[in-house]
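Q: structure of the sequence below:
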Amino acid sequence: MEKKVLGIIGGVGPLATMLLGEMIVKRTKAQTDQQHVNMVITNNTSIPDRTTYILDRSKANPVPVMISDAVKLKSIGAEVLAIPCNTAHSFYQDIQLGAADLQVLHMINETAKRAAQIGAKKVGIMATTGTLTTSVYQLACQDAGVKPIVPDEETQEMVMSVIYDDVKAGQPVDFLKWQQIINKFDELGCDRIILGCTELSIVKKELNLDDMYIDSLMVLAESAILSCGYELKD
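A: Numbers count the residues shown, from 1 in each chain. Take a look at the predicted model:
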């Protein structure tokens, strides 16, 4: 397969952007610099918050900014586009349309497919309130034949606190708060939990979480490698 250049619309959030780049390098089957994925990355921290826009708490629309970044990435050679933000995929069709002939990877669909591939039957969805409000994960899981479980309001507030008060604020994860969240999903009978926010991928790394968790950022990394014509490391 012909090798393609990967473009990453970053800054959504900044730490998740850096982690995606690291994941791609570590998961690519390569023995030299030249065998790694050729990628160009923006880290545009001026992209408006996706959740506050979805919840109508802000009029700042993130879509035109992301499309502008997609066009910039294309102008310097990008052919495949990755967006390390699950909530941004609520606007996937608009971004794909604005990105013209770039192939925009769909992180959420690929993560739902991964859940089905590993035999998950009932998955808890940990994501921003914006992502849950647009039901993109719920619909993707249903299409993949997996039952999605969303947290109650109190638990969702704790999830948002981990995302915004801990990770986005550059603070250590509150382990007791995290454990309370997981206990709620256990009570609901979930056999897997999707980390459906890229900030939660930071939590997985920080807490060294096990294979019960399906990391959407890792799924995106692997999809990017394969879509650009490279091989995954065994």
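Q: burial count for Val123?
A: Residues contacting Val123 under the criterion other C-beta atoms under 10 Å number 25. Quick note: C-beta positions are derived from backbone N, CA and C, even for glycine.
Q: excluding residues flanking it in the chain, which one is nearest it?
A: Using C-beta to C-beta, 6 or more residues apart in numbering and skipping residues adjacent in sequence, the residue nearest Val123 is Arg192, 4.8 Å away.
Q: for that neighbour, what are its contacts?
A: Going by C-beta atoms under 8 Å, 6 or more residues apart in numbering, Arg192 touches 115, 118, 120, 122-124, 212-214.
Q: ok, those vs Gln34, which is closest?
A: The nearest member of the contacts of Arg192 to Gln34, counting by C-beta to C-beta, is Ile214 at 32.0 Å.
Q: ok, now how distant is Glu79 from Asp49?
A: Between Glu79 and Asp49 the computed distance is 29 Å (C-beta to C-beta, to the nearest Å).
Q: tell me the secondary structure for Ile125?
A: Secondary structure assignment for Ile125 (DSSP: H, G, I helix; E, B strand; the rest coil): strand.
Q: show the model's pLDDT score for it.
A: Ile125 carries a pLDDT score of 98 in this model.
Q: repeat for the one 3 residues further on
A: At Thr128 the predicted local confidence, pLDDT, stands at 96.
Q: now do the helices in the chain.
A: 14-27, 50-54, 63-75, 92-98, 107-117, 129-134, 136-144, 153-161, 175-187, 198-207, 216-227 (DSSP state H).
Q: which one of these lies nearest to Gly7?
A: The closest approach between Gly7 and any of those, judged by C-beta to C-beta, belongs to helix 63-75 at 3.4 Å.
Q: what sits up against the closest one?
A: Residues outside helix 63-75 that contact it (C-beta under 8 Å, 6+ apart): 7-9, 12, 40, 42, 44, 46-48, 78, 81, 83, 88, 91, 94-95, 98-100, 102, 104.
Q: whichever of those residues end up buried, select them in PyMOL.
A: Selection of the buried residues among these in PyMOL, burial being defined by 16 or more other C-beta atoms under 10 Å:
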select buried, resi 7+8+9+12+42+44+47+48+78+81+83+88+91+95+98+99+102+104
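Q: from Thr51, how far off is the residue nearest to Val123?
A: Distance of Arg192 to Thr51, given as C-beta to C-beta: 24 Å.
Q: again, but for Val203
A: Remark: distance between Val203 and Thr51 (C-beta to C-beta) = 17 Å.
Q: also Lys168?
A: Distance check for Lys168 against Thr51: by C-beta to C-beta, it reads 11 Å.
Q: Leu226 now?
A: From Leu226 across to Thr51, the span is 29 Å (C-beta to C-beta).
Q: what of Val167?
A: For Val167, the distance to Thr51 - C-beta to C-beta - is 14 Å.
Q: in this protein, where is pLDDT below threshold?
A: Along the chain, the model assigns pLDDT under 70 to no residue.
Q: same thing but 90
A: For the chain, the stretches flagged by pLDDT under 90 are 1, 100-101, 210-211.
Q: picking up where we left off before, from the contacts of Arg192, keep the buried residues only.
A: Neighbour counting with 16+ other C-beta under 10 Å marks 115, 120, 122-124, 213-214 as buried within these.
Q: how many residues are close by Lys3?
A: That count, for Lys3 with other C-beta under 10 Å as the rule, works out to 12.
Q: likewise for Lys147?
A: Lys147: 15 surrounding residues under other C-beta under 10 Å.
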